[in-house]
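[1] generate coordinates for the sequence data below:
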Amino acid sequence: MKTSTNDGVLLLGRALICLIFLFSSFGQVTDFAQNVSHVAAAGMPFPQLAIITSIAIQSICGLAILIGFRIRVAAWILFVFLIPTTIMLHKFWGLPSPHLQEVQFCKNMAIMGGLLFITQLNAGAYSIDALVGRNSSGSSFSR
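    Take a look at the predicted model:
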């Protein structure tokens, strides 16, 4: 397996983007009741199920991106997950002091942009996909 600096960049990029999902899922587990209350107050249906689903999606897909296992699928799942999450939980419009929610909304939009990039890349040499030969299709950095 031939590697390059780009493979190290892909690994670092995967590690950095997955951190927010792994930390978030851990925080939702450790403060489950408060997260359920927050989601319920935002008007999301089935708040307990929403948090359990959120924990599962963020931890499984975050870990998949970190280890380089089917990163395109994981990135698409996280992208779709962030659409209702961003719209429902970070409604900055109409708030008397919208700044914090506006920042959170924009942060999620930036993360969604990063996830879209991941959907177009392979995981690189330092990944499970490379070990099992799934990196041959799709784009990577130009070499």
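[2] contacts, neighbours, all on C-alpha from now
    Will do.
[3] where does pLDDT dip in the chain?
    Along the chain, the parts satisfying pLDDT under 70 run over 1-3, 95, 136-143.
[4] buried stuff in the biggest helix by length in it?
    Looking across the chain with DSSP state H, the single longest helix is helix 5-30. For helix 5-30, burial by neighbour count (16 or more other C-alpha atoms under 10 Å) applies to 7, 10-11, 13-15, 17-19, 21-22, 24-25, 28.
[5] stretch 64-76 too?
    Result for stretch 64-76 [16+ other C-alpha under 10 Å]: buried residues 64-72, 74-76.
[6] what angle do the host helix or strand of L49 and helix 5-30 make?
    Counting by DSSP states H and E, the element that carries L49 is helix 47-67. Using axes from the mean of the first three to the mean of the last three C-alpha atoms, to 10 degrees, the inter-axis angle of helix 47-67 relative to helix 5-30 is 160 degrees.
[7] what's downstream of helix 47-67, the next helix or strand?
    Next along from helix 47-67, by DSSP H and E: helix 71-89.
[8] for that following helix, name the packing helices and strands.
    helix 47-67, helix 99-118 (3 or more C-alpha pairs under 8 Å, 6 or more residues apart in numbering; DSSP states H and E).
[9] which residues does it contact?
    Helix 71-89 has contacts (C-alpha atoms under 8 Å, 6 or more residues apart in numbering) with 39, 42-44, 57-58, 61-62, 64-65, 105, 108-109, 112, 115-116, 118-123.
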